[in-house]
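Colleague: based on what follows, work out the 3D shape:
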Amino acid sequence: MQTLSILTNDGARSEAALYEPDQNASDILFLCLPAMGVKAAYYRPLADALTGEGHSVMLCELRGQGTSQSRAPAAKFGYREMVKQDIPAYIKAAKENCPEKDIVLLGHSLGGHLSLLYTAAHPEKVKGIALIASGSVYFRAYPFPQNLKIWFATQSAMLISGLFGYFPGHKIGFGGRQPKTVMSAWARQGRTGRFALKGSNFDYESAMTKITCPVFALSIAGDDFAPHSATDHLVGKLKSARLTRIEYQPSDAIKPKINHFRWVKHSEEIIGSLSDWVERL
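Modeller: Purely as a prediction, here's the structure:
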């Protein structure tokens, strides 16, 4: 494993962990983008599993998490900075260290949203997108009564952020410490089902309909945060993509251990499906 120092054009610093296989290397590098509030280091088991399949992996931090030095409430940032500053810096580092590799963005939850938004603006930069446990937070995409819970969660997060000046997720037990601009964008998507980045005039919704690269989208049965219907709503935006859609039913041995987050530590079956998809790129 190699630790890379990342510096964005707007001065944000973080680290990325680059894992490369010992042998039988493929031409794919997975650039992994985490869920909200989850450190990149949490995905080490996933990196080990993918390198075991011959793929290179770069574990990246979302701004404000893990090794990132931009911390709320002092740091003011939102989806725009993560999409226009952070992901390009990670891709640049990936290309400098593995110039022969094709990049597949692998996004978990919010990381999946950011993967789609980046690719909508820069479709030529990636070979494909893999979404795992990543669904829209649009409340109408959830069955009753989950839809009410999701509406309350997203909108109350925005109100709490406005009250405190940032979202104290580290105290609440969800999402980590986030600037209110991140939670405002999250809540807006929860209300409207649409992505709009504050400070940007680019029409991401329209651009997502024009994404043509292969997309792997796997949802997990029993995942209350990203049920099958929420993932369906998210990938429904991809009118032109070559979509591989999997509604994953964990085996009896894994089912009690797996959820929206713990799939990372029990990913053998998921990696099998993902590897099959990658071989066809």
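
Colleague: need phi/psi at Ala120.
Modeller: Main-chain torsions, Ala120, degrees, to the nearest 10: phi -60, psi -40.

Colleague: count of neighbours near the nearest residue to it once chain neighbours are set aside?
Modeller: Take Ala120 and drop its neighbours on the chain: the residue closest to it by C-beta to C-beta, 6 or more residues apart in numbering is Ala207, 3.7 Å away. Just so you know, the C-beta spots here come from the backbone N, C-alpha and C atoms, and that holds for glycine as well. Using other C-beta atoms under 10 Å, Ala207 has 18 neighbouring residues.

Colleague: repeat for Ala25
Modeller: 16.

Colleague: break down this protein into its strands, ranges please.
Modeller: 2-7, 13-19, 28-33, 56-59, 102-108, 128-132, 166-168, 177-179, 214-220, 242-248 (DSSP state E).

Colleague: so which of those strands comes closest to Val235?
Modeller: With C-beta to C-beta as the measure, strand 214-220 is the member of the strands of the chain nearest Val235 (4.8 Å).

Colleague: direction included, what does that closest one pair up with?
Modeller: strand 128-132 (parallel), strand 242-248 (parallel) (DSSP bridges).

Colleague: circling back: make a markdown table from the strands of the chain and add mean neighbour count to it.
Modeller: Formatted as a markdown table, the strands of the chain follow (neighbours: other C-beta atoms under 10 Å):
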| stretch | mean neighbour count |
| --- | --- |
| strand 2-7 | 13 |
| strand 13-19 | 20 |
| strand 28-33 | 26 |
| strand 56-59 | 26 |
| strand 102-108 | 24 |
| strand 128-132 | 26 |
| strand 166-168 | 23 |
| strand 177-179 | 23 |
| strand 214-220 | 23 |
| strand 242-248 | 16 |
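
Colleague: returning to that earlier point: the residue nearest to Ala120 and Thr119, how far apart?
Modeller: Distance from Ala207 to Thr119, counting by C-beta to C-beta, to the nearest Å: 9 Å.

Colleague: now do Thr212
Modeller: 10 Å.

Colleague: need the contact list for the closest residue to Thr3 other than its chain neighbours.
Modeller: Distances taken as C-beta to C-beta, 6+ apart place Glu15 nearest to Thr3, at 5.5 Å, with adjacent residues excluded. Applying C-beta atoms under 8 Å, 6 or more residues apart in numbering, we find Glu15 in contact with 3-6, 61, 66-67.

Colleague: make it 7 Å
Modeller: 3-6, 67 (C-beta atoms under 7 Å, 6 or more residues apart in numbering).

Colleague: and for Ala49?
Modeller: Contacts of Ala49 by C-beta under 7 Å, 6+ apart are 267, 271.

Colleague: tell me the mean pLDDT for stretch 37-51?
Modeller: For stretch 37-51, the mean pLDDT works out to 96.

Colleague: start and end of that stretch, how far apart?
Modeller: 25 Å (C-alpha to C-alpha, to the nearest Å).

Colleague: so that it lines up with my notes, have the first residue be 5 from now on.
Modeller: Taking 5 as the first residue, the last one we looked at is stretch 41-55.

Colleague: show me how far it is from its chain's centre.
Modeller: 13 Å (C-alpha atoms, centre = their mean, to the nearest Å).

Colleague: in that stretch, what's buried?
Modeller: Within stretch 41-55, the residues scored as buried using 16 or more other C-beta atoms under 10 Å are 41-42, 44, 46-48, 50-51, 53-55.

Colleague: ok, stretch 164-180 next?
Modeller: Buried residues in stretch 164-180, counted by 16+ other C-beta under 10 Å: 164-165, 170-173, 179-180.

Colleague: re earlier: got a markdown table for the strands paired with strand 218-224, with mean pLDDT and distance to Ser271 too?
Modeller: Formatted as a markdown table, those follow (pLDDT from 0 to 100; distance: least, C-beta to C-beta, whole Å):
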| stretch | mean pLDDT | distance to Ser271 |
| --- | --- | --- |
| strand 132-136 | 98 | 8 |
| strand 246-252 | 97 | 11 |
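
Colleague: between these, which gets nearest to Trp267?
Modeller: Nearest to Trp267, of the strands paired with strand 218-224 and by C-beta to C-beta, is strand 132-136 at 7.1 Å.
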